[in-house]
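below are the sequence and a predicted model for it; my questions follow.
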Amino acid sequence: MSEEKETLEKIHRIAEQEFLEKGFTGASLRNIVKEAGVTTGAFYGYYRSKDELFEALVKPHADYIMNYFVKVQNEFSDLSKEDQIAKMSGYNLTFLNDMLEYSYSHLTGMKILLTAATGTKYENMIHEMVEIEIESTHNFMKVMGQMGYKAKPLNPYFEHIMVSGMFTSYFELIIHDVPYEQAKDCISEMSKFNSAGWAACMGMEWL
């Protein structure tokens, strides 16, 4: 490994700890540079700012999560109406399990993204996922109507709170270092809980 690459990796290790402990806004670039044993000038040969360093650590994970999430939503909407109704719960569980595996394979980066992003462009990632999920839910309700099923409209405030809670509860597994196998069990139970809850609230007990 080249000296330049070793230095960059050391900067990343120090920065990861700084961001995890203090968040983006509280993290000190001066501390990172000092602990990494490089000069400020040398650091600026890699990154122009603390923002750019933070982005280098979390962007691959944020991009993966959002791109995969959108891909799953699009694949589901491309199913036939019959398959959408039959496979709705299964699609949700598959997505959550895939995200869990990715998150535990990139645990440090994901924890930084989820706990330290306030003050960066990544702080609203969960909110963005919530908005996409709500739109997909409304599209699914239209499909049900086309198939002759009736679904009760939801209070938009209630809907937003519940979808936010669904994503937050999933990401809590990562934030709190729940052991992987236990996290998988939690995902399974959460999927059952959410599916049954939505069905009851929307009058869809037949799902």
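Perfect, thanks for sending it. Numbering: from 1, shown residues only.

how far off centre is the longest helix along the chain?
Ordering each helix of the chain by length in residues (DSSP state H) puts helix 50-77 first. Put simply, helix 50-77 sits 8 Å off its chain's centre (C-alpha atoms, centre = their mean, to the nearest Å).

that helix: what's the following helix or strand?
Per DSSP states H and E, the first helix or strand lying C-terminal to helix 50-77 is helix 81-105.

one step back: hey, what's the angle from the longest helix of the chain to helix 81-105? Just curious.
150 degrees (axes from the mean of the first three to the mean of the last three C-alpha atoms, to 10 degrees).

buried set for the lowest-mean-pLDDT helix or strand in the chain?
Ranking every helix and strand in the chain by mean pLDDT, DSSP states H and E puts helix 81-105 at the bottom, with a mean of 88. Across helix 81-105, burial judged by 16 or more other C-beta atoms under 10 Å covers 84-85, 88-89, 91-93, 95-96, 99-100, 103-104. Bear in mind the C-beta positions are built from the backbone N, C-alpha and C, glycine included.

please apply the same query to stretch 26-40.
27, 29, 32, 33, 35, 36, 38.

which residues does the second one contact?
Okay, so that is residue 29. Neighbouring residues of residue 29 by C-beta atoms under 8 Å, 6 or more residues apart in numbering: 43, 49, 50, 53.

what's the answer for the fourth one, then?
Contact analysis of residue 33 by C-beta under 8 Å, 6+ apart lists 11, 39, 40, 43.

now the most centrally placed residue in the chain. Nearest residue, chain neighbours left out?
The C-alpha lying nearest the average C-alpha coordinate of the chain belongs to residue 65 (C-alpha atoms, centre = their mean; 5.6 Å). Nearest residue to residue 65, sequence neighbours excluded (C-beta to C-beta, 6 or more residues apart in numbering): residue 99, at 6.8 Å.
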